[in-house]
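Peer 1: need a 3D model of the following:
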Amino acid sequence: MEVQNAKKRINKGFYIGIGALVLLIAVLACVYYFLGPKGTEGSKEYTLKVVNDAGETTAYTGHTDQEFLRPALEELQEAEDFTIEGEESEYGLYVETVNGVTADYAVDGSYWALYVNDEYSNYGVDTQPVTDGDTYTLRYEK
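Peer 2: Alright, predicted model coming up:
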């Protein structure tokens, strides 16, 4: 009898734990939905700076209605002498090559860093909102 009661308590605790985990995941999803990055609609002008492996800077002025940076950069590729390539991951595009310069972290620890108004971005190109007047920098770093 005591063994059955112990099993019932263990099962009850297990189901309470699963329920709490599901509730926690739902709360975190809601927080991200309401507090995560938001793009703004409408026409925007932005500046893109590319700092290559030699430290040379190329600046572009972009005009877009896109809410996030990646589609804005894809538009810029069509209008300017600018190229961006990378590998798709579960987090979006991992930028590997900009204007023909490839950064390979596995080889020499180099990567393309994204800055917004000279501050390191917390987002990748897929989730970085585009804001009118902002400056975005893709900088080759080691």
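Peer 1: gap between the residue most central in space within the chain and residue 73?
Peer 2: Taking C-alpha atoms, centre = their mean, the centroid of the chain lies closest to residue 124, which sits 2.3 Å from it. Note on residue 124: its distance to residue 73, by C-beta to C-beta, to the nearest Å, is 12 Å. Yep, even glycine has a C-beta here, placed from its N, CA and C like the rest.
Peer 1: can you name every helix or strand that the helix or strand hosting residue 72 contacts?
Peer 2: Counting by DSSP states H and E, the element that carries residue 72 is helix 69-79. The helices and strands touching helix 69-79, judged by 3 or more C-beta pairs under 8 Å, 6 or more residues apart in numbering; DSSP states H and E, are strand 44-51, strand 57-64, strand 84-89.
Peer 1: note down every partner strand of the shortest one and its orientation.
Peer 2: Pointing back at strand 84-89 there. Within its sheet, and counting by DSSP bridges, strand 84-89 is paired with strand 92-98 (antiparallel).
Peer 1: picking that back up, list the contacts of the helix holding residue 72.
Peer 2: 46, 48, 60, 62, 64, 66, 82-84, 92-93, 114, 125-126, 128-130, 136 (C-beta atoms under 8 Å, 6 or more residues apart in numbering).
Peer 1: again, but for stretch 85-96
Peer 2: Stretch 85-96 has contacts (C-beta under 8 Å, 6+ apart) with 70, 84, 97-98, 102-104, 112, 114, 124-127, 138.
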